[in-house]
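Engineer: Sequence below, structure please.
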Amino acid sequence: MPRNTQKYQDQSLGGGDRFLTRDEIRNFKIKAHRGDQAAAVRLLEHSVKCQHRKLAFRRYFLSVELGAAISENALVYLKRISVDFSTEALNEIERLAISDLEMKATK
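Structural biologist: You can find the predicted model right below:
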C-alpha cells in the first residue's frame with residue numbers, strides 16, 4: 001500500500017504508526033504557523049518518519065522557534081543527517097523557517 005494512503009491508528013496530534021495524509025499535513029501547517037507547538041512537532045515527527053532532510057530541519061527550526069519540546073528520536077535523526085549540511089545551509093534553512101512563520105503570522 002502506498003505510504004500516503006496508510007491510516008493512523010491514533011488520530012491525535014501525538015502521532016501514530018501511519019503517515020499523515022496531505023489534508024492532515026495542510027491542517028497541521030496552518031495550526032503550526034498560527035503558533036501551535038503540538039502541530040509543529042507532529043509535522044517534524046512526520047518528516048523524521050519520512051526521512052525528509054531539509055524539510056525536517058525546517059520543521060525543527062519552526063518547532064524550536066515556537067518553544068516546543070523536541071523528541072529524542074527527532075534530535076538523534078537530525079544530528080545524524082546534520083553532517084551533510086554546511087553551517088551556512090543550516091543557517092539559511094533556519095532563516096527561511098522563521099521568516100515563513102513571521103509572514104504567515106501577519107496574514
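Engineer: Would you map the strands across the chain?
Structural biologist: Assigned by DSSP state E, the strands in the chain number zero.
Engineer: and stretch 77-94, how far from the chain's centre?
Structural biologist: 15 Å (C-alpha atoms, centre = their mean, to the nearest Å).
Engineer: buried residues in it?
Structural biologist: Within stretch 77-94, the residues that count as buried by 16 or more other C-beta atoms under 10 Å are Y77, L78, F85, L90, I93, E94. (Each C-beta comes from the backbone N, C-alpha and C, glycine too.)
Engineer: burial of the closest residue to the fourth one other than its chain neighbours, as a residue count?
Structural biologist: The shortest distance from L90 to any residue other than its chain neighbours is 6.5 Å, reached at F57 (C-beta to C-beta, 6 or more residues apart in numbering). Neighbouring residues of F57 were enumerated by other C-beta atoms under 10 Å; the total is 22.
Engineer: which residues touch F57?
Structural biologist: The contact partners of F57, taken as C-beta atoms under 8 Å, 6 or more residues apart in numbering, are L78, S82, F85, L90, I93, E94, A97.
Engineer: can you tell me how far it sits from L96?
Structural biologist: Here F57 is placed at a distance of 10 Å from L96 (C-beta to C-beta, to the nearest Å).
Engineer: Spit out the contact partners of Q51.
Structural biologist: Q51 neighbours (C-beta under 8 Å, 6+ apart): Y77.
Engineer: same deal with A40?
Structural biologist: Residues near A40 by C-beta under 8 Å, 6+ apart: F28, A32, R59, L62, S63, L66, A68.
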